[in-house]
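Asker: structure for this input, please:
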Amino acid sequence: MPISITAYTGTCVFLIVLAISFRVLIAFRSVLEERRINTELNRRYVVITRKSNTKERISSDSNSKIALLTENGLEEDVMVARKKMEGPMPWSIAVDGPRAAIDTMIAGILYLLMLSIMTMNVGYFLSVLSGTFLGSLAIG
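Answerer: Here you go, the predicted structure:
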């Protein structure tokens, strides 16, 4: 428990900043998730259509388009297909590592905020609420 008014005010300001950072991390995580999903959905695959059954199967797909690919003077008829989202995304350290780090930081900040509220101090409680409000208002 802070003894002086200055220490109490400093603790309240710290809790406000901590709650704002909590909201910022949550918003940052959702931006990363949206970026990852958009990248995965916009990924295109080029399929060389030499066999007729492959050509028919891919051309019936609404996400594919016919294109002409030229390399070293040779022209190939190709189909550019988009991947459909089916089931969960495959695990990747490049994607799931940062997500786990952000989730760990969010959990740590959340537990610190919870511990401050458990002191039953109304000023701390209002500081956490105001920080959460300001963070949501500023970041979304």
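Asker: rest of the way, CA atoms for contacts and neighbours
Answerer: OK.
Asker: which elements pack onto the lengthiest helix in the chain?
Answerer: Determined from DSSP state H, the single longest helix within the chain is helix 5-41. Packing partners of helix 5-41 (3 or more C-alpha pairs under 8 Å, 6 or more residues apart in numbering; DSSP states H and E): helix 93-117, helix 122-138.
Asker: Ile37 is nearest to which of those?
Answerer: helix 93-117 (10.7 Å; C-alpha to C-alpha).
Asker: buried set for that closest one?
Answerer: Arg99, Ile102, Met105, Ile106, Ile109, Leu113, Ser116, Ile117 (16 or more other C-alpha atoms under 10 Å).
Asker: in JSON lines: those residues, plus distance to Phe125.
Answerer: As requested, the buried residues of helix 93-117 are arranged in JSON lines below (distance: C-alpha to C-alpha, whole Å):
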{"residue": "Arg99", "distance to Phe125": "29"}
{"residue": "Ile102", "distance to Phe125": "24"}
{"residue": "Met105", "distance to Phe125": "21"}
{"residue": "Ile106", "distance to Phe125": "18"}
{"residue": "Ile109", "distance to Phe125": "15"}
{"residue": "Leu113", "distance to Phe125": "9"}
{"residue": "Ser116", "distance to Phe125": "8"}
{"residue": "Ile117", "distance to Phe125": "5"}
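Asker: what's the neighbour count on the spatially closest residue to Ile109 that is not a sequence neighbour?
Answerer: In this structure, Ile109 finds its nearest non-sequential neighbour in Phe22, 6.3 Å apart by C-alpha to C-alpha, 6 or more residues apart in numbering. By other C-alpha atoms under 10 Å, 23 other residues sit near Phe22.
Asker: Val31 versus Phe22, what's the distance?
Answerer: 15 Å (C-alpha to C-alpha, to the nearest Å).
Asker: quick one, what contacts Leu129?
Answerer: Ile16, Ala19 (C-alpha atoms under 8 Å, 6 or more residues apart in numbering).
Asker: okay, it and Leu110: tell me how far apart.
Answerer: Taking C-alpha to C-alpha, one finds Leu129 at 12 Å from Leu110.
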